[in-house]
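Visitor: Next come a sequence and a model predicted from it.
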Amino acid sequence: MKKISLTLIGLYLLFLHGYSQVTEHYTNIFQAKPLKLEEINLVTSYYTQNGTHSAVTGGGSGYIGTQYMDGSEKLTDFANMLELKLVGYGETGLKHTILAGLGVDHHTAASQKWISKTGASSPDGNRVYPSLNWTVENEEKGTEFGLGTYYSHEYNYSSIALDGHYGFKNKSGGEFSAKVSAYFDQVKLIYPSELIPAVASNGITPYDVNIITTNASRGSGGSYGIGVSEKASIPTSPRNTFTSSFTYSQVINKSVQTSLLFDIVKQDGWLGLPFHRVVFKDGSEQIENLPHSRLKIPLGARLNYFIGDNLIVRTYYRFYTDDWGLVSHTASIELPYKITPFFSISPFYRFYTQTATKYFAARGEHNVSDTYFTSNYSSAAFNSNYFGLGMRTAPPGGISNTYMSALEIRYGHYSQTTDLNSNVISLHFTFK
């Protein structure tokens, strides 16, 4: 917690230093449409996990040749996100909102040392991800349109994203929104040390790596940090993701609100990671090999029920399927309860279950004749439970008579039937 507190103080002082410059900058750009810094959000979190099925070591502990490798999935991640919200009105009366964000993560993982068969030590990983969103809203007609851009960078992974969204409200309390997004990623092709591609005809290897290490959390959705000492550049491979999202929300009455959600996600390119090993039945090994395209279809629904003035029942369900054979169900409930008008608690619980993809098998269970194969347990069949508690305070005069208008603390514990367990605690500060 000392580390978290020092980081928060540093980010807050940095913001105060640049506050006048940011305001003056946007005022100059929008002289006819002045923007005002309306809100600042600062979120910081600490995540830790343990497990025994690292994809780097082929889905668990065991020998690669004569070298024994520990399949530990122990990982820590310290994340911080700062967001500035600026709001202004144009000469035509349209409302303009700009959200400018900057995130920085720092993470470590036990599995990182086993990219190199020697088990060499490694530096920690870092990720930086700025974002910028602009929305223009016609409050009289209930319509809005917006554009966004995002960037994320780690040693072995970089991503540029663009999106556009449109929404409108009707007089009966309904609201429709549509969003299209495109992510263009570059993945560095870092191989396990014993599986580096052979020497080319000119006598030069694609790259000569002295130490290769990685952070590999199967729960991070493809977010890894690597430290490499190299003699030549490592080749990259593209990965593209295109998403269309549609949401319709409806106010039924003063006590009930519902939402329906529908997404279509199409991916193509290198969808695995070359430092994920697969160990076959005969003891041989190879890097995981997956199809170069994937179609995902999630469907979801929300129902919020207001019980009096103090309690809200928030429920959510999602069905997911894709052309790799994975089918999943998610169900969650959250119960925000106001203890006082300015202080509330929110216990929550989420259950998740999924089938395995067609290409997954545990360590030592794949046949060498298989075309596609992975031992990454994010593709395995499992159930999971996630539960915790949130607390939020938002006094009308600010917290301790400061510009901090709200503070939220949230803790969650996650467990998976594959033996993966994790804990996360987050702090959300709002300044106005």
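Guide: Everything's here; your move. For clarity, every value in this text was computed on a predicted model and none was experimentally measured.

Visitor: Enumerate the beta-bridge partners assigned to I409.
Guide: With DSSP bridges as the criterion, I409 is bridged to M391, L427.

Visitor: Please enumerate the helices of the stretch 1-150 of the chain.
Guide: Remark: helices assigned in the stretch 1-150 of the chain by DSSP state H, counting those that start in this stretch are 2-29.

Visitor: quick one: low-confidence parts of it?
Guide: Along the stretch 1-150 of the chain, segments meeting pLDDT under 70 span 1-33, 120-124.

Visitor: how about the strands in the stretch 301-432 of the chain?
Guide: Taking DSSP state E, counting those that start in this stretch as the criterion, the stretch 301-432 of the chain contains strands spanning 311-322, 327-334, 337-340, 343-354, 382-393, 404-416, 421-431.

Visitor: Tabulate these (a markdown table), appending distance to N170 and mean pLDDT.
Guide: (Each C-beta comes from the backbone N, C-alpha and C, glycine too.) Shown next, in a markdown table, are the strands of the stretch 301-432 of the chain (distance: least, Cβ to Cβ, whole Å; pLDDT from 0 to 100):
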| stretch | distance to N170 | mean pLDDT |
| --- | --- | --- |
| strand 311-322 | 23 | 98 |
| strand 327-334 | 27 | 98 |
| strand 337-340 | 30 | 96 |
| strand 343-354 | 30 | 98 |
| strand 382-393 | 31 | 98 |
| strand 404-416 | 31 | 97 |
| strand 421-431 | 30 | 98 |
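
Visitor: To A100, which of those lies closest?
Guide: For A100, the closest of these is strand 421-431, at 14.4 Å, according to Cβ to Cβ.

Visitor: what's that closest one packed up against?
Guide: helix 2-29, strand 35-50, strand 404-416 (3 or more Cβ pairs under 8 Å, 6 or more residues apart in numbering; DSSP states H and E).

Visitor: what sits up against the last one?
Guide: Residues external to strand 404-416 that are found in contact with it (Cβ atoms under 8 Å, 6 or more residues apart in numbering): 49, 51, 219, 346, 348, 382-394, 398-399, 420-432.

Visitor: Sketch out the low-pLDDT regions of the stretch 151-300 of the chain for me.
Guide: 198-233.

Visitor: Apply 90 and report the result again.
Guide: By pLDDT under 90, the low-scoring segments of the stretch 151-300 of the chain are 155-157, 171, 188-236, 274.

Visitor: Can you show me the strands along it?
Guide: Ranges of strands in the stretch 151-300 of the chain, per DSSP E, counting those that start in this stretch, are 157-169, 174-188, 209-212, 228-230, 236-251, 256-269, 277-279, 285-287, 293-307.

Visitor: could the ones you listed go into JSON lines alongside mean neighbour count?
Guide: JSON lines is the format used below for those (neighbours: other Cβ atoms under 10 Å):
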{"stretch": "strand 157-169", "mean neighbour count": "16"}
{"stretch": "strand 174-188", "mean neighbour count": "17"}
{"stretch": "strand 209-212", "mean neighbour count": "19"}
{"stretch": "strand 228-230", "mean neighbour count": "15"}
{"stretch": "strand 236-251", "mean neighbour count": "16"}
{"stretch": "strand 256-269", "mean neighbour count": "16"}
{"stretch": "strand 277-279", "mean neighbour count": "26"}
{"stretch": "strand 285-287", "mean neighbour count": "17"}
{"stretch": "strand 293-307", "mean neighbour count": "15"}
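
Visitor: Of all the ones you listed, which one is nearest L326?
Guide: The nearest among the strands of the stretch 151-300 of the chain, by Cβ to Cβ, is strand 293-307 at 8.6 Å.

Visitor: what separates S172 from S255, distance-wise?
Guide: S172 sits 16 Å away from S255, going by Cβ to Cβ, to the nearest Å.

Visitor: Turn the strands of the stretch 301-432 of the chain into CSV, columns for mean neighbour count and distance to Y151.
Guide: Shown next, in CSV, are the strands of the stretch 301-432 of the chain (neighbours: other Cβ atoms under 10 Å; distance: least, Cβ to Cβ, whole Å):
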stretch, mean neighbour count, distance to Y151
strand 311-322, 16, 27
strand 327-334, 16, 29
strand 337-340, 12, 39
strand 343-354, 16, 30
strand 382-393, 16, 29
strand 404-416, 17, 27
strand 421-431, 18, 23
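
Visitor: And those: which comes nearest Q112?
Guide: Among these, strand 421-431 sits nearest to Q112 (Cβ to Cβ), with 17.3 Å.

Visitor: what about that closest one, distance to the chain center?
Guide: Distance of strand 421-431 from the chain centroid (Cα atoms, centre = their mean, to the nearest Å) equals 14 Å.

Visitor: With only the CA atoms kept, save it in PDB.
Guide: Only the C-alpha atoms of strand 421-431 are listed here, as PDB (Å, rounded to 0.1, in the frame of the first residue of the first chain):
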ATOM      1  CA  ASN A 421      -6.300 -18.000  -8.100                       C
ATOM      2  CA  SER A 422      -5.900 -14.300  -8.100                       C
ATOM      3  CA  ASN A 423      -6.700 -11.200  -6.000                       C
ATOM      4  CA  VAL A 424      -7.100  -7.600  -7.000                       C
ATOM      5  CA  ILE A 425      -7.500  -4.400  -5.100                       C
ATOM      6  CA  SER A 426      -8.300  -1.100  -6.800                       C
ATOM      7  CA  LEU A 427      -8.700   2.600  -5.800                       C
ATOM      8  CA  HIS A 428     -10.700   5.100  -7.900                       C
ATOM      9  CA  PHE A 429     -10.300   8.800  -7.200                       C
ATOM     10  CA  THR A 430     -12.600  11.400  -8.800                       C
ATOM     11  CA  PHE A 431     -11.700  15.100  -8.700                       C
END
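
Visitor: how much does that strand deviate in direction from strand 35-50?
Guide: Relative orientation of strand 421-431 versus strand 35-50 (axes from the mean of the first three to the mean of the last three Cα atoms, to 10 degrees): 160 degrees.

Visitor: Can you give the contact residues for strand 421-431?
Guide: Strand 421-431 has contacts (Cβ under 8 Å, 6+ apart) with 4, 8, 39-51, 219, 394, 403-415.

Visitor: quick one, that strand and strand 404-416 angle?
Guide: Using the same axes, to 10 degrees: strand 421-431 against strand 404-416 is 170 degrees.

Visitor: what angle separates strand 421-431 from strand 382-393?
Guide: Using the same axes, to 10 degrees: strand 421-431 against strand 382-393 is 30 degrees.
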